[in-house]
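Colleague: Need a 3D model of the sequence below.
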Amino acid sequence: MATTTQTLRLVFRNQTGGNVTITLDNPKDTLTAAEIEAAMDLVVARNVFSSIGGDLVAKQDIRIIDTTTNDLYNPPA
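Modeller: Here you go, the predicted structure:
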């Protein structure tokens, strides 16, 4: 049986130019790109997170990733 899950992947750039990824499972289906961008802008403006490379300074990428898993074998109980 196949199951499908969604993940929202937010990628920010930090002060040293490195990427920092925040991954959220099962995002709302009604989220828009504008809403996500606004939330990311708020994270950057308020210095909500920091990384080894310093504060987050810019949005880098936004992706919703669909993953389908096919369970091919279940051991007998």
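Colleague: all helices for the protein, in order.
Modeller: Secondary structure of the chain (DSSP state H): helices at 33-45.
Colleague: Can you tell me the strand partners of the top strand by length along it and which way each runs?
Modeller: Counting by DSSP state E, the longest strand found in the chain is strand 54-70. As defined by DSSP bridges, the strand partners of strand 54-70 come to strand 2-14 (antiparallel), strand 50-51 (antiparallel).
Colleague: What I need now is those written out in JSON lines, including distance to N26 and mean neighbour count for each item.
Modeller: Every residue, glycine included, has its C-beta placed from N, CA and C. Below are the strands paired with strand 54-70 laid out as JSON lines (distance: least, Cβ to Cβ, whole Å; neighbours: other Cβ atoms under 10 Å):
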{"stretch": "strand 2-14", "distance to N26": "6", "mean neighbour count": "14"}
{"stretch": "strand 50-51", "distance to N26": "24", "mean neighbour count": "13"}
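Colleague: To L72, which of those lies closest?
Modeller: Judged by Cβ to Cβ, the one of these that comes nearest to L72 is strand 2-14, at 10.2 Å.
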